[in-house]
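Colleague: sequence below, structure please.
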Amino acid sequence: MAALSVSAGSDKMIENPILTGFNPDPSILRVGDDYYVATSTFMWFPGVQIHHSKDLVNWRLLTHPLTRTSQLNMDGARSSEGVWAPNLSYSDGKFWLIYTNVKTWEGNTKGTSNDTHNYLVTAENIEGPWSEPVYMNSSGFDPSLFHGDDGRKWFLNMEWDYREGKERFAGVLLQEYSVEEEKLVGQPIHIYKGSGLGATEAPNLYKLNGYYYLIVAEGGTEYWHAVVVARSKNIEGPYESDPLGPAITSREKPELYLQKAGHGSLVETQSGELYVTHLVGRPIDILAATNEVGEVVNNPLRRCILGRETAIQKMAWTDDGWLRMADGASDPKRWVEAPDLKTHKFKKEKAKDKFKSRQLSVHFNSPRLPITEDWASLKENKGKLTIRGRESMTSTHNLSMVARRLKHFKVQVTTEVGFEPENFQHLAGLAAYYDERNHYLLAISHDEEKGKVLKIIRNDAGKYDEVGVFKEDLAPAVATKNDHGVVEATPPETMVAIPANKMVFLRMDIDFDKLQFSYSFDDKNWIDIGSVLDSTILSDEYDGLNFTGAFVGMVALDYRTQSKKAQFDYFEYSVR
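Modeller: Model (predicted):
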């Protein structure tokens, strides 16, 4: 291998992932002393997460730029549709954000090429207000914008070829963007076919040391993912791939802590140090399944309940001008040398949100559409979040759910709920949600015989059932003899009666692949309800190929009149 040129660093270390839980497809940017990372949000609203740091070690969720349906309409979006792979840049005194709003996602087919619509929004301040969108094109996803040193701007995206017998990932397109006309001009130029690993996507272009460097993702955003570098003296190519192969990858190395490494984005620090942020996943077997001597025992399921996350690696130049990891290897590292920057910590987030503010925490999201006063109010009952029930958990339109990302493998989530259902079509409670096909709900509802009840609803790969209150996975149903002396198994109850006109505390405990619901009337004495459930149904790998992550949150449903309201006194997310 050619020698590496590494700038002086510090003795501080960065622990990966830097952005835990569903934060994929990172685009990193430095403006002065501030660092920003934009990540995909898919069908969750508001669109695009932007995190902020001053030292690359400590990060905070700062803002979401896509806050209006005029910028992002996802009504009816199915799982993993919506916002893909944002690209954040800064030029001419303002921020530029490119993103895709995917309208069709059918497993490995991704629909036809005109269902991936690409847009541009801008803002003078990172926290907004952000402009109305400018339409760019629909020929493929993962777009980005390159600002040339001659003032010209260039738009890149991967090209999707829907035709039978063709390679779906057809390579990288380049086309000039006219700021004055607010549109792409000229004809797109095909500049790169890929290195041969397949699934070439996520192009990011940089001009450094007299070369145009093209950083792309290849191998597909699963366990064969990789960060690949190509370069050219001419922006229009031809581009040659690094002969040593991927710069960062965990493919064929299941023992690594960070898996699925790919989708890279480059940043240079104030002192000239180079770092690449990239996508990763952490399957549960890497973290939890070890034998008595500490060796990893691989689980063939390899499910990542936290979804795809963001990591960072220190980079360096080889003596022949290629960008590689600072240690010369390609394995993504859990611990990385931090840049020589002053430590900057942010105020620690409180575990318990008592809903005392005028607006919801930046951490809360809703599926597909904005959280609006007409269905989720902090004003109606001060100190409480009032949620009006609407459509079902399987709806892709008007689901009344306020939720936040699952960011840790061991958490306890608690809320206090006031809800008086009048019939079985009224439900409210605490949810663990991946998408419309895979979720759990600990729901307060009504039964004609028992009155107000508590029950667990499960949707597993689209199959609905109501989980019993006994540990049915650990013990058989109660056996009794009928009138003829024949032993029969009595099925477990599917609900438990609870007092009317009384607040109830609801809780879920997640411990890697296990999820347990419980309830209380005094926040002291807790009663488990239902079996220990499988949390891994809330992962990308469980039900086909998907791209989001698990959320935990508050839900109200009203199948009758869409008017019944529930009061949530607080929401607590505690890392265990």
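Colleague: what sits closest to residue 304 if chain neighbours are left out?
Modeller: Distances taken as Cβ to Cβ, 6 or more residues apart in numbering put residue 281 closest to residue 304, at 4.1 Å, once the chain neighbours are dropped. Just so you know, the C-beta spots here come from the backbone N, C-alpha and C atoms, and that holds for glycine as well.
Colleague: got the contact list for the one you found?
Modeller: For residue 281, the contact set (Cβ atoms under 8 Å, 6 or more residues apart in numbering) comprises 258, 259, 260, 304, 306, 307, 308, 309, 540.
Colleague: now for the first one: which residues touch it?
Modeller: The reference is to residue 258. With Cβ under 8 Å, 6+ apart, residue 258 has these contacts: 16, 17, 250, 280, 281, 282, 311, 332, 333, 334.
Colleague: by neighbours, which of those residues wins?
Modeller: In terms of neighbour count, residue 280 stands highest of these at 31 neighbours, by other Cβ atoms under 10 Å.
Colleague: host element of that one?
Modeller: Assigned by DSSP states H and E, residue 280 belongs to strand 274-281.
Colleague: where are the low-confidence patches of the stretch 301-450 of the chain?
Modeller: 301 (pLDDT under 70).
Colleague: C-terminal to the worst-scoring helix or strand of the chain on mean pLDDT, what's the next element?
Modeller: Here the helix or strand of the chain ranked lowest by mean pLDDT, DSSP states H and E is strand 487-490, holding a mean of 42. Using DSSP H and E, the helix or strand that follows strand 487-490 towards the C-terminus is strand 496-497.
Colleague: now that following strand, how far from the centre of its chain.
Modeller: 35 Å (Cα atoms, centre = their mean, to the nearest Å).
Colleague: contact partners of it?
Modeller: Around strand 496-497, the neighbours that count as contacts under Cβ under 8 Å, 6+ apart are 447, 450, 451, 452, 453, 454, 455, 469, 529.
Colleague: got the domain ranges for the chain?
Modeller: 25-269, 352-575 (automatic domain parsing).
Colleague: highest mean neighbour count out of these?
Modeller: Mean neighbour count (mean count of other Cβ atoms under 10 Å) peaks for domain 25-269 among the domains of the chain, with a mean of 19.
Colleague: centre of the chain versus that domain, how much separation?
Modeller: Relative to its chain's centre, domain 25-269 lies at 16 Å (Cα atoms, centre = their mean).
Colleague: and it, end to end?
Modeller: Criterion Cα to Cα, to the nearest Å; first-to-last residue distance in domain 25-269 is 20 Å.
Colleague: who does the nearest residue to residue 136 once chain neighbours are set aside form a beta bridge with?
Modeller: Leaving aside its chain neighbours, residue 136 sits nearest to residue 118 (4.2 Å; criterion: Cβ to Cβ, 6+ apart). Per DSSP bridges, the residues bridged to residue 118 are residue 100, residue 137.
Colleague: how close does residue 118 sit to residue 100?
Modeller: 5 Å (Cβ to Cβ, to the nearest Å).
Colleague: correct me, but the residue nearest to residue 136 touches residue 97?
Modeller: No: applying Cβ atoms under 8 Å as the test, residue 118 and residue 97 come out as separate, 11.3 Å apart.
Colleague: so which of the domains of the chain gets nearest residue 339?
Modeller: The closest of the domains of the chain to residue 339 is domain 25-269. By Cβ to Cβ, the value is 4.6 Å.
Colleague: who does the helix or strand encompassing residue 508 touch, helix- and strand-wise?
Modeller: Using DSSP H and E, residue 508 sits in strand 504-511. For strand 504-511, the elements it packs on are strand 410-418, strand 426-435, strand 438-447, strand 514-520, judged by 3 or more Cβ pairs under 8 Å, 6 or more residues apart in numbering; DSSP states H and E.
Colleague: out of those strands, flag the one nearest residue 123.
Modeller: Minimum separation from residue 123 across these (Cβ to Cβ) falls at strand 426-435, 30.2 Å.
Colleague: output the contacting helices and strands for the closest one.
Modeller: When contacts are defined as 3+ Cβ pairs under 8 Å, 6+ apart, strand 426-435 sits against strand 400-405, strand 410-418, strand 438-447, strand 504-511, strand 551-558.
Colleague: phi, psi of residue 522?
Modeller: phi -130, psi 0 (degrees, to the nearest 10).
Colleague: ok, the closest residue to it other than its chain neighbours - contacts?
Modeller: Spatial nearest neighbour of residue 522, chain neighbours left out: residue 505 (7.8 Å); criterion: Cβ to Cβ, 6+ apart. Residues in contact with residue 505 (Cβ under 8 Å, 6+ apart) are 414, 415, 416, 417, 519, 520, 521, 522, 523, 526.
Colleague: my guess is the first one contacts residue 507, does it?
Modeller: In this case it means residue 414. Yes: with contact defined as Cβ under 8 Å, residue 414 counts as touching residue 507 (4.6 Å).
Colleague: give me the contacts around stretch 374-391.
Modeller: Looking at what lies outside stretch 374-391 - Cβ under 8 Å, 6+ apart - the contacts are 354-360, 366, 373, 397-400, 402, 418, 426-428, 554-559, 562-569, 571.
Colleague: now stretch 559-570: average pLDDT?
Modeller: Mean pLDDT, stretch 559-570: 98.
Colleague: next one: that stretch to chain centre, how far?
Modeller: Offset of stretch 559-570 from its chain centre (Cα atoms, centre = their mean): 27 Å.
Colleague: quick one: end-to-end length of that stretch, please.
Modeller: Across stretch 559-570, first to last residue, Cα to Cα, it's 25 Å.
Colleague: with stretch 158-168 instead?
Modeller: For stretch 158-168, the end-to-end distance is 10 Å (Cα to Cα).
Colleague: how about the strands in the stretch 301-450 of the chain?
Modeller: Assigned by DSSP state E, counting those that start in this stretch, the strands in the stretch 301-450 of the chain fall at 308-318, 323-325, 335-337, 352-353, 366-367, 376-377, 385-388, 400-405, 410-418, 426-435, 438-447.
Colleague: mind putting those into a markdown table with distance to residue 93?
Modeller: Output for the strands of the stretch 301-450 of the chain, formatted as a markdown table (distance: least, Cβ to Cβ, whole Å):
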| stretch | distance to residue 93 |
| --- | --- |
| strand 308-318 | 27 |
| strand 323-325 | 29 |
| strand 335-337 | 32 |
| strand 352-353 | 36 |
| strand 366-367 | 33 |
| strand 376-377 | 36 |
| strand 385-388 | 39 |
| strand 400-405 | 33 |
| strand 410-418 | 42 |
| strand 426-435 | 40 |
| strand 438-447 | 44 |
